[in-house]
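1. Got a predicted structure here, sequence first:
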Amino acid sequence: MTEAVNNNYPKRRLGRSDVSVTSLGFGTVPLAGFKAKASYADFERVIKAAYDGGVRYFDCAPMYGFGKAEYYLGHALRELGIRNDVVVSTKVGRVLKAASRVKKLDTVYGIEWVDPLPFLDTYDYTYDGIMRSFEDSQTRLSLDYIDVLLVHDLGQAWHRDQADVYWDQIRKSGYKALDELRSSGAVSALGLGVNETESVVTVAREFDIDCSLIAGRYTLLNHEPLSAAFDELKQRNVSVIAGGVFNSGILATGVKGQAATYDYQAVPEAVVSKVRALETVCEKYGVPLGAAAIEFVLMHPAVATVVLGAQNVDEVRQNVTATSKSAPAEFWTELKQQGLLPENAPTVPLD
């Protein structure tokens, strides 16, 4: 078993809100039945390990296990007696309905949840849909307030030819619901939870958001946000909650990892070649690939926290250990010299 490590993670504020999150957060996707069944006992043990390791930010969503992540997380926080010490985020944009009454949605990544709750998700970004989703989440979590509320999967990358339908919904009435929830104190911070950067910039220009959870778009392999998006978000005081920093696995396991994936798909040969080159530099400086993947993202001044998931206690401890040391400056210099990172990538630790 990996030795326990307790880190005193710095806290960073989300936009102009009063919410501050630890630089390492915990995502509940792996514990909601993603590829493997997880019991409540498993869930509580992993949450406790993350908390004991210094994590004070936990993210969930109605989509994860069709309610299971919220249901389990709320109960774990109460059983462990830590609710007042942590920040919780969940999402709107989906309303869960009885599985017997709705058809299963086709999704970009085709996630098959193992042993989910008996519900299916339906998209709804209207005023009524957002309010119902929020109230349902409060019930599943059994929390009287939710710290951070994120609009889930809004944009072209997820909805494709139906994207305009949902943009229309949120513009006509969804923004109003979000504004009421924040102004009433029901939530403290608002943002998006998406797999693209473009939709975040679009919303930030139309509506006052505090943050956005962006998964897989800024990593050791993906640098597109450096072209302009992250600079604009920082200028608008929109904090980035970075998810998917391992690109669904390849940057955690390396090219030799069993069943390694890239964005939940087979790994393209061009990506394999680049990861091999990254691994060579990592081996030269004694820097674990996963640790480099985490530290790289956290060094961008627009990023407030990196959210990692885990299926068991050992994985939590591995993640915590990976964040306990910094790579030498020479390591980042060589990555740039080899063309593995762009010259404008921030590579100086912020904390």
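-> Structure received. Being a predicted model, the structure only gives us computed values, none of them experimental.
2. What is the burial count for residue 36?
-> In terms of burial, residue 36 registers 12 neighbours under the definition other Cβ atoms under 10 Å. From N, CA and C alone the C-beta is placed, and that goes for glycine too.
3. Assign a three-state SS to it, would you?
-> coil (DSSP: H, G, I helix; E, B strand; the rest coil).
4. With residue 303 as the reference, measure out to it.
-> From residue 36 over to residue 303 the distance is 29 Å, taken as Cβ to Cβ, to the nearest Å.
5. Now do the strands in the stretch 201-350 of the chain.
-> When assigned using DSSP state E, counting those that start in this stretch, the strands of the stretch 201-350 of the chain occupy the ranges 211-215, 239-243, 303-309.
6. out of those strands, which comes closest to residue 146?
-> Within the strands of the stretch 201-350 of the chain, the stretch nearest residue 146 is strand 211-215; the backing value is 13.6 Å (Cβ to Cβ).
7. could you give the angle of that closest one to strand 239-243?
-> Interaxial angle, strand 211-215 versus strand 239-243 (axes from the mean of the first three to the mean of the last three Cα atoms, to 10 degrees): 20 degrees.
8. Strand 211-215 - contacts with which helices or strands?
-> Taking 3 or more Cβ pairs under 8 Å, 6 or more residues apart in numbering; DSSP states H and E as contact, the helices and strands that strand 211-215 lies on are strand 146-152, strand 187-194, helix 198-206, strand 239-243.
9. Adjacent strands (with direction) for that strand?
-> Taking DSSP bridges as the criterion, strand 211-215 forms sheet pairs with strand 187-194 (parallel), strand 239-243 (parallel).
10. Restrict that strand to CA atoms and write it as CSV.
-> The C-alpha coordinates for strand 211-215 follow below in CSV (Å, rounded to 0.1, in the frame of the first residue of the first chain):
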residue,chain,number,x,y,z
CYS,A,211,-15.3,29.7,-12.8
SER,A,212,-15.4,26.7,-15.2
LEU,A,213,-14.5,23.1,-14.9
ILE,A,214,-12.8,22.4,-18.2
ALA,A,215,-11.8,18.7,-18.8
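11. ok, and what's touching it?
-> By Cβ atoms under 8 Å, 6 or more residues apart in numbering, the surrounding residues in contact with strand 211-215 are 14-15, 17, 59, 89, 148, 150, 189-197, 200, 203-204, 225, 233, 238-244, 304, 307.
12. Brilliant, that's me finished.
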